[in-house]
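Visitor: sequence-free structure coming up:
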């Protein structure tokens, strides 16, 4: 369980990096081309003065998915090597708490709806990041399926007075 | 609770269950009421769950009005703007013949928030009135509500991508409007409301001896 989850987590982190480096979608209309990266999506709202929306999108589509994966890597890597990372209990608790707020899969569905909506006015071409993003979502679901939280909790030390 | 047929509960046995990591602690042996394993605050029931859930639900209902009345985005094409509300967005999808997408957006953006608020109000009132009706079904209703709520964010992400992608200056660009902020706040508030609610309250009323 540990080794598989660790391998999946590191793969998801690699795909997430790719998803942020390359454009997610390209739009082609009348000889002009626009590319959109993940972070630009959130920044557009900032440009238009909607900082609340910008924050919401940044947290749910970028920061929380990233923190969840980093938290898992922090917990799983030392455990796999037979060591207990410091503050294992609180870190794993926060990692679990980020899950409902990490909305990468909903972002993807939103992208699909947006692409279809624009379909009749412009050509929409999925970019490299779109494939990396889809891969990351499948691996995230796979981690959710493989990970047995109680096996992590069993290794967490107790702090009793 | 003292009936011999009553089920064994942690609370009845002087134990506290950590809602985050599932550790059982003795109520007398817990230091500062924090879970000794994961550090989460321990409570027999979430503190002031009903009051906090009501506050979040009412705030969500208030914001639900601007979220639906105000435009969520404007498509500006060749200098002409066309504001869209959530509902008009769904109608547009229907008019273009994209009924599966229209159904998806309708369910996620209109049906789920309304049902979620309705379910939370129903659960709050039923718990407050000590209702003993179908606790198992009400618990299931709560779980579904808790899981489905986050999918309402889909409309926010649609607007994110439309506004980010369509930036062709004079030719066409898409701007987000205040309705989208209100709608995002409704989604966040209803998610927080579900987190503030304690489904064990449903069972407290159901387990209480009949008056």
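Guide: Sure thing, it's come through. Everything quoted here is computed from the prediction, not taken from an experiment.
Visitor: domain ranges for chain B?
Guide: Domains of chain B are assigned by automatic domain parsing as B:1-44, B:47-207.
Visitor: among those domains, which is the most enclosed?
Guide: Comparing those by mean neighbour count (mean count of other C-beta atoms under 10 Å in any protein chain shown), domain B:47-207 comes out on top with a mean of 19. Using the backbone N, CA and C atoms, a C-beta is placed for each residue, glycine as well.
Visitor: mind checking the end-to-end distance for that domain?
Guide: End-to-end distance of domain B:47-207 (C-alpha to C-alpha, to the nearest Å): 20 Å.
Visitor: check stretch B:160-176 too.
Guide: Across its full length, stretch B:160-176 reaches 8 Å between end residues, using C-alpha to C-alpha.
Visitor: tell me the residue of chain A that sits nearest chain B?
Guide: Taking C-beta to the nearest C-beta, chain B has its nearest neighbour within chain A at residue A:110, 2.7 Å off.
Visitor: leaving out chain neighbours, which residue sits closest to that residue?
Guide: residue B:157 (2.7 Å; C-beta to C-beta, 6 or more residues apart in numbering or on different chains).
Visitor: that neighbour and residue A:42, how far apart?
Guide: Residue B:157 is 10 Å from residue A:42, where distance means C-beta to C-beta, to the nearest Å.
Visitor: give me the secondary structure label for the residue nearest to residue A:110.
Guide: Following DSSP: H, G, I helix; E, B strand; the rest coil, the label given to residue B:157 is helix.
Visitor: cool, and residue B:21?
Guide: Secondary structure state of residue B:21, per three-state DSSP, is coil.
Visitor: bridged to the closest residue to residue B:175 other than its chain neighbours, which residues?
Guide: Leaving out its chain neighbours, the residue that sits closest to residue B:175 by C-beta to C-beta, 6+ apart is residue B:74, at 4.9 Å. Taking DSSP bridges as the rule, residue B:74 bridges to residue B:83, residue B:175.
Visitor: residue B:74 contacts residue B:173, correct?
Guide: No - contact between residue B:74 and residue B:173 fails when scored by C-beta atoms under 8 Å: they sit 9.1 Å apart.
Visitor: contacts only, for the residue of chain B found nearest chain A.
Guide: For chain B and chain A, the shortest gap (C-beta to the nearest C-beta) falls at residue B:157, measuring 2.7 Å. Shown in contact with residue B:157 (C-beta atoms under 8 Å, 6 or more residues apart in numbering or on different chains): A:57, A:61, A:103, A:106-107, A:109-111, A:114.
Visitor: need the phi and psi values for the most centrally placed residue in chain A.
Guide: Nearest to the geometric centre of chain A sits residue A:65, at 3.3 Å (C-alpha atoms, centre = their mean). The phi and psi values for residue A:65, taken as degrees, to the nearest 10, are phi -60, psi -40.
Visitor: how close does it get to residue A:136?
Guide: On the measure of C-beta to C-beta, residue A:65 and residue A:136 end up 8 Å apart.
Visitor: cool, residue B:136 as well?
Guide: Separation of residue B:136 from residue A:136 (C-beta to C-beta): 37 Å.
Visitor: now swap in residue B:169 and tell me
Guide: 33 Å.
Visitor: now swap in residue A:19 and tell me
Guide: 6 Å.
Visitor: and if you look at residue A:12?
Guide: The spacing between residue A:12 and residue A:136, counted by C-beta to C-beta, is 5 Å.
Visitor: what does the longest helix along chain B contact?
Guide: Counting residues, the longest helix in chain B under DSSP state H turns out to be helix B:49-69. Residues outside helix B:49-69 that contact it (C-beta under 8 Å, 6+ apart): B:46, B:85-87, B:110, B:113, B:117, B:120-121, B:124, B:127-128, B:178-179, B:182-183, B:185-186, B:189-190, B:192-193, B:196-198, B:201.
Visitor: got any residues that touch both of residue A:65 and residue A:136?
Guide: Common neighbours of residue A:65 and residue A:136, using C-beta under 8 Å, 6+ apart, are A:16, A:104.
Visitor: near residue A:58, how many residues? Count them for me, please.
Guide: Neighbour count of residue A:58, defined by other C-beta atoms under 10 Å in any protein chain shown: 20.
Visitor: shouldn't it be in contact with residue A:44?
Guide: No - here residue A:58 does not reach residue A:44: they are 11.2 Å apart, not a contact under C-beta under 8 Å.
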